[in-house]
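**Student:** here are the coordinates; sequence isn't available:
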DNA sequence: CATTGACATGTAGAAACCTACATGTCATCT
DNA sequence: AGATGACATGTAGGTTTCTACATGTCAATG
């Protein structure tokens, strides 16, 4: 069901085509929250339309169809947002690898942690840039600023943790 | 393939039965890294055995079969650990909801963030307890300490972020 | 000795998801 | 005018995952 709500959520912000939604997934959601390909998105949009949760509001060039969320869709989304299940589904290969760190020896563990420290530093820098640009553009603070801050703090934490873990491995030599 | 490596990883630490592996998933992996049910675990163990990556090392009461990782299994796991794909699969309902925060109004957002702040505080406290107990028990520092620290820092970051976001919403009133 | 609950493994059928293939449009560059 | 690449939507077939059903063992409790 999460894909369905991810789509409703994106359409609640603004109407979009399947193609645009696919790119939003690629650029944003897939990396942090929920992964989906176009081959899953298009059929789900058709199902959402059949269920009356979204509707086609425009048809453009190249068969493009712009979808918008309906009142029923908004109501459904709101219920899902405010009445969370008490257990959340998590599937995260990155964290899984961290959990299996203990299957490596000391040198191998270092070889795994080093790129994590570097990668998270890069992601931090990129996100900080994006935030600074957005802050300069929008005068008024937005909800998007909240989630960007969450991402930034997560990368910082991963970065600092990786450095800490590397130092700990060195010290225990 | 991740389920396969999750199982190999757990068996690399120590031999276990399907039942024990299922409980390890429930207690640890499912909440942070990878979710799987017994109906998926048992068939996968059989496939791993057929592929020679694990083997049955004991049979006990109630049809219990204890599996151990083989050398081939260890080699497979090591390759996967040290040669990561450059993009990781992520599916996380919790983070997805955060991304969709902007579909709520201010009061609804507060109603969503408050339990997140409280929940992460509780998880932090639990993990800190577990770490303290483990520190007291094992004299020697282990790899498990590293991943526990990762979890602890993640919950701290989520907690502090949620408080920051709540304060920001209040300020912008 | 009957009941309960943890232990223990499995499968059927449906839903979700992935990879790969398929098709066509429109704008831009050469 | 042809080539290229982004735009745009789709499906077939296979794999993974979920829900629900199914079966039986053993230990402890009343």
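**Tutor:** Everything's here; your move. A quick note: this is a predicted structure, and the numbers were derived from the prediction, not measured.
**Student:** make it CA atoms for all contacts and neighbour counts henceforth
**Tutor:** OK.
**Student:** the longest helix seen in chain A: which residues count as buried?
**Tutor:** Ranked by residue count and defined by DSSP state H, the top helix of chain A is helix A:106-137. Across helix A:106-137, burial judged by 16 or more other C-alpha atoms under 10 Å in any protein chain shown covers A:106, A:109-110, A:112-113, A:116-117, A:120-121, A:123-124, A:127-128, A:131, A:134.
**Student:** stretch A:165-173 too?
**Tutor:** Under the neighbour-count criterion of 16+ other C-alpha under 10 Å, stretch A:165-173 has A:165-166, A:169 buried.
**Student:** is any part of stretch A:106-113 close to chain B?
**Tutor:** Yes - contact of stretch A:106-113 with chain B (C-alpha under 8 Å from any C-alpha of the partner chain) involves A:108, A:111-112.
**Student:** for DNA strand C, see how far away residue A:171 is.
**Tutor:** As defined by C-alpha to the nearest atom of the strand, to the nearest Å, residue A:171 lies at a distance of 39 Å from DNA strand C.
**Student:** how far away is that residue from residue B:141?
**Tutor:** Going from residue A:171 to residue B:141 by C-alpha to C-alpha, to the nearest Å gives 11 Å.
**Student:** next: residue A:22.
**Tutor:** 45 Å.
**Student:** what does chain A put close to DNA strand C?
**Tutor:** Listed as neighbours of DNA strand C in chain A under the rule C-alpha under 7 Å from any atom of the strand: A:1-3, A:35-37, A:39-40, A:61-63.
**Student:** filter those residues to the buried ones?
**Tutor:** Neighbour counting by 16+ other C-alpha under 10 Å classes A:3, A:35-36 among these as buried.
**Student:** for these, which one is nearest chain B?
**Tutor:** residue A:35 (6.2 Å; C-alpha to the nearest C-alpha).
**Student:** pretty sure that closest one contacts residue B:90?
**Tutor:** Yes - proximity of residue A:35 to residue B:90 meets the contact threshold set by C-alpha atoms under 8 Å, at 6.2 Å.
**Student:** picking that back up, which one of the buried residues of stretch A:165-173 is nearest to chain B?
**Tutor:** Nearest member of those to chain B, counting by C-alpha to the nearest C-alpha, is residue A:165, at 6.3 Å.
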